[in-house]
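Student: Fold the stuff below for me.
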Amino acid sequence: MHVRIQSPALLVLRLSVTDAAGTHRRSWSMPAAPSGSPAWQLPTVAAHLIRLHRRQAAPTVDGFAAHLAELSGAPIPFPQALYDYDPLHDGRVSCLIDLHTEPAQGNERWPRCSLMVLEQETGRCAWSRITRRHGAYAVIAHTHTEVAAEAQRLSDRRRSDPSGRTAALCELAEEVRVWAQRMHQQVKAEQTLIRAGQERDHPQTQPQTRRSKRVVLA
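Tutor: Numbering: from 1, shown residues only. Got it, this is the predicted structure:
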């Protein structure tokens, strides 16, 4: 008799940084259950981008590793184990969060970044979904959307399952939602100010209507 050992599904968080020295990449993993989903893991990505913005620091792999290490005792588990495989060819991976960053250029105050989130069932003939976002504003907005949806889902679940565990998860999700909403509102306000400044510095000229001469037929 053959015994088949089932490996747990994994969440993989991969960071790539491209700078003058080339591209540096590192990955971390954790069990997908119970917190290995975009709603619970994207906030740490958004928080890292916000920290880089506030400090006007260039992104580095070591900096993100230190950021994860600081979260090792947080109520929400975050990936801490190094992952040395290719997540796109690993049947255990049910969620891949792939963030690519580059230093800000010129007058830019945010690091350049692009995000890909792959969600899929493990095993053969499974479904998959890919979400892509470009730029820190879009990543933070998407984080808020995912967190808000998870908070609503847990709130609905709490009505039918008022257990202590569900209540604790619901309260934790609400705390994260409030934070994500505040960050989203701040970057929206920043976007508005930037656009207003651009319009002030480079006003668009209104096209003039050309009047045609009236032709009088005798």
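
Student: ok, now how distant is residue 91 from residue 9?
Tutor: Residue 91 sits 9 Å away from residue 9, going by CB to CB, to the nearest Å. Placement of C-beta: from N, CA and C, glycine included.

Student: how far does stretch 90-109 stretch from start to finish?
Tutor: Separation of the first and last residues of stretch 90-109 by CA to CA, to the nearest Å is 36 Å.

Student: nope, stretch 119-135 is what I meant
Tutor: By CA to CA, the extent of stretch 119-135 from end to end equals 20 Å.

Student: Identify all contacting residues around it.
Tutor: Outside stretch 119-135, the residues within contact range by CB atoms under 8 Å, 6 or more residues apart in numbering are 9, 37-38, 91-95, 110, 112-118, 139, 141-142.

Student: Pull out the buried residues from stretch 65-78.
Tutor: Going by neighbour count (16 or more other CB atoms under 10 Å), the buried part of stretch 65-78 is 67, 68, 71, 77, 78.

Student: Narrow these to those in strands?
Tutor: Counting by DSSP state E, the buried residues of stretch 65-78 place none of their members in strands.

Student: Could you tell me which residues within stretch 87-102 count as buried?
Tutor: For stretch 87-102, a neighbour-count test (16+ other CB under 10 Å) marks 87, 92, 93, 94, 95, 96, 97, 98, 99, 100, 101, 102 as buried.

Student: quick one: the closest residue in space to residue 172 that isn't next to it in sequence from residue 168, how far?
Tutor: Leaving aside its sequence neighbours, residue 172 sits nearest to residue 75 (CB to CB, 6 or more residues apart in numbering; 6.0 Å). Going from residue 75 to residue 168 by CB to CB gives 9 Å.

Student: How far off centre is the helix or strand hosting residue 30?
Tutor: Using DSSP states H and E, residue 30 maps to strand 22-31. With CA atoms, centre = their mean, to the nearest Å as the basis, strand 22-31 stands 15 Å off its chain's centre.

Student: okay, the helix or strand just after that strand in CSV with CA atoms only?
Tutor: Next helix or strand after strand 22-31 toward the C-terminus (DSSP H and E): helix 38-55. Included here for helix 38-55 are C-alpha records, laid out as CSV according to Å, rounded to 0.1, in the frame of the first residue of the first chain:
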residue,chain,number,x,y,z
PRO,A,38,-4.4,38.5,-0.3
ALA,A,39,-6.7,40.2,2.3
TRP,A,40,-4.4,39.3,5.2
GLN,A,41,-1.0,39.6,3.4
LEU,A,42,-1.3,42.6,1.1
PRO,A,43,-1.3,45.1,4.0
THR,A,44,2.3,44.3,4.8
VAL,A,45,3.2,45.0,1.2
ALA,A,46,1.3,48.3,1.3
ALA,A,47,2.9,49.2,4.7
HIS,A,48,6.4,48.6,3.3
LEU,A,49,5.7,51.0,0.3
ILE,A,50,4.3,53.6,2.7
ARG,A,51,7.4,53.3,4.9
LEU,A,52,9.7,53.8,1.9
HIS,A,53,7.7,56.8,0.9
ARG,A,54,7.8,58.4,4.3
ARG,A,55,11.5,57.8,4.7
